[in-house]
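Student: give the three-dimensional model of this entry:
(one chain, ligands or ions: 1)
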Amino acid sequence: MENFEDFENKSYVPAREVRYTLTDHLVFIKNFLIVVLKVALKLVTEIAEIVIELFKPKKPKNISGQLALITGGANGLGRAIAFRLAQEKCNIVIVDVNIKEAHATASEIAEKFKVKTRAYKVDVSDYDAIQQLKNDVENDFGSVDILVNNAGILSKISLREGRAADVQKVINVNLTSHFWTVRTFIEKMIENRRGHIVAISSLGGKIAFPLACAYCATKFGVRGFMEALYDELCVDNYETFIKTTCVFPAFVNTRKELSDVLDQTKELGPRMSPRYAANKIVEGMLLDKRDITLPSGAKLLQIVGFFPDKTMKYTKTNITPVSHLQRAERKPENFNKTD
Ligand SMILES: NC(=O)c1ccc[n+]([C@@H]2O[C@H](COP(=O)([O-])OP(=O)(O)OC[C@H]3O[C@@H](n4cnc5c(N)ncnc54)[C@H](O)[C@@H]3O)[C@@H](O)[C@H]2O)c1
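Tutor: Below you'll find the model as predicted:
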């Protein structure tokens with residue numbers, strides 16, 4: 001199904017009934033076993049390659065002179081990533097709704113690293129605006145080599161709180177925008193046989209937490225999107241030259257509205273500085289890592305997802321750091337001011 005126009009007026013055609021014979025089942029089992037055998041062979045070969053690589057560490061790739069576009073790059077984590085990529089001698093495009101701070105970030109980077117920079121005022125959830133952005137960036141610089149989908153709304157809206165429009169906005173900015181930017185910028189990457197797509201998900205994209213249905217759903221969505229994107233690239237062997245990295249950070253000390261809420265609990269432990277997180281992200285990206293969890297120890301939290309119900313409930317409401325957000329102020333709140 002590719003064309004959804006007039007979908008509701010098309011009559012529903014049920015699938016024809018299929019009856020499977022014993023031979024059909026045997027053929028399926030035979031084919032399945034062949035696939036399992038081939039996969040096992042691949043696995044053994046790849047494990048051997050991984051073991052060899054352990055003794056021969058990978059060299060970080062050189063991205064000097066490449067063009068990096070960072071959404072939400074005016075502030076917070078995006079800004080820190082832009083600085084770190086400029087340190088690698090990338091030219092930098094800052095895309096943000098907050099154009100004043102985007103200009104300031106772009107100018108600071110140009111002055112400090114002597115690379116080309118420019119700021120563009122764009123709402124990443126607007127498909128037409130992203131199309132226009134592509135034309136503008138290509139006229140001003142050329143094609144984008146590194147796309148960092150970082151813009152996001154850090155929302156604390158439970159399912160029953162907040163306005164419907166707020167929930168929709170979180171979904172549009174945090175998830176839909178990834179479809180628009182990747183669809184728009186990937187064509188040139190394929191043509192140039194060079195590209196890297198980085199997505200900032202969240203630890204909330206690996207383990208859900210209370211009072212953040214929309215946020216967690218979008219961050220799980222980004223994770224699914226990046227996995228499916230990688231698989232889609234593999235179909236055409238494009239994954240050999242277009243790399244993907246999905247990042248799952250725990251708390252990063254970015255905007256004050258967020259840190260004020262987090263400060264209400266003493267159990268959360270130290271937050272990462274944006275600079276620390278950006279450094280780890282770019283270091284991982286240079287090694288073509290597909291999955292980066294920050295701090296790496298936070299991967300252990302995923303184990304909660306395998307707990308039986310009562311232990312999971314106890315852990316999420318009492319022990320995991322995110323549960324403390326639940327006890328913090330319970331009014332609908334949106335940490336971002338995007339206008
Ligand atoms: N800060 C954390 O603790 C944390 C943890 C995990 C994941 N993340 C993710 O990291 C990313 C960056 O977070 P942050 O803490 O730096 O956020 P931030 O609020 O400090 O900065 C976000 C930037 O994105 C911009 N932005 C917002 N909506 C936009 C839109 N529609 N179009 C273009 N730009 C837009 C804002 O103007 C701002 O400059 C987000 O995707 C967030 O979900 C953050």
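Student: neighbours around the closest residue to the ligand within the stretch 101-250 of the chain, how many?
Tutor: Closest residue of the stretch 101-250 of the chain to the ligand, C-beta to the nearest ligand atom: residue 152 (2.2 Å). (Glycine included, C-beta is placed from N, CA and C.) Neighbourhood size, residue 152 [other C-beta atoms under 10 Å]: 27.
Student: what residues are up against it?
Tutor: 72, 173-174, 200, 202, 218 (C-beta atoms under 8 Å, 6 or more residues apart in numbering).
Student: element containing residue 229, please.
Tutor: helix 213-235 (DSSP states H and E).
Student: what are the buried residues along that helix?
Tutor: Buried residues in helix 213-235, counted by 16 or more other C-beta atoms under 10 Å: 213-223, 225-226, 229-230, 233.
Student: taking the mean pLDDT, what do you get for the helix or strand harbouring residue 245?
Tutor: Using DSSP H and E, residue 245 maps to strand 242-249. Averaging pLDDT along strand 242-249 gives 98.
Student: any buried residues in the helix or strand following that strand, and which?
Tutor: Sequence-wise, the next helix or strand downstream of strand 242-249 (DSSP H and E) is helix 256-263. Within helix 256-263, the residues scored as buried using 16+ other C-beta under 10 Å are 258, 261.
Student: elements contacting helix 256-263?
Tutor: For helix 256-263, there is no helix or strand it packs on, judged by 3 or more C-beta pairs under 8 Å, 6 or more residues apart in numbering; DSSP states H and E.
Student: ok, now with 10 Å
Tutor: strand 155-156, helix 323-327, strand 333-334 (3 or more C-beta pairs under 10 Å, 6 or more residues apart in numbering; DSSP states H and E).
Student: how far away from the center of its chain is the first one?
Tutor: When distances are taken as C-alpha atoms, centre = their mean, to the nearest Å, strand 155-156 is centred 17 Å away from the chain's centroid.
Student: same check on stretch 278-290?
Tutor: From the chain centre to the centre of stretch 278-290 is a distance of 13 Å (C-alpha atoms, centre = their mean).
Student: do it and the ligand meet at all?
Tutor: No: judged by C-beta under 6 Å from any ligand atom, stretch 278-290 stays clear of the ligand, getting no closer than 9.8 Å.
Student: wait, isn't residue 98 in contact with residue 71?
Tutor: No: when contacts are counted by C-beta atoms under 10 Å, residue 98 is not listed as touching residue 71 (11.8 Å).
Student: between the two, tell me which one has more neighbours.
Tutor: When residue 98 and residue 71 are compared for neighbours, residue 71 comes out ahead with 28 against 20, by other C-beta under 10 Å.
Student: and the angle from the helix holding residue 229 to strand 242-249?
Tutor: 160 degrees (axes from the mean of the first three to the mean of the last three C-alpha atoms, to 10 degrees).
Student: who does helix 213-235 touch, helix- and strand-wise?
Tutor: Counting by 3+ C-beta pairs under 10 Å, 6+ apart, helix 213-235 packs on strand 146-149, strand 155-156, helix 164-171, helix 177-192, strand 195-200, strand 242-249, strand 291-294.
Student: state the mean pLDDT of that helix.
Tutor: For helix 213-235, the per-residue pLDDT averages 96.
Student: flag every residue of the stretch 51-200 of the chain that's near the ligand.
Tutor: Counting by C-beta under 6 Å from any ligand atom, the stretch 51-200 of the chain sits next to the ligand at 71-72, 74-78, 96-98, 123-125, 150-154, 173, 200.
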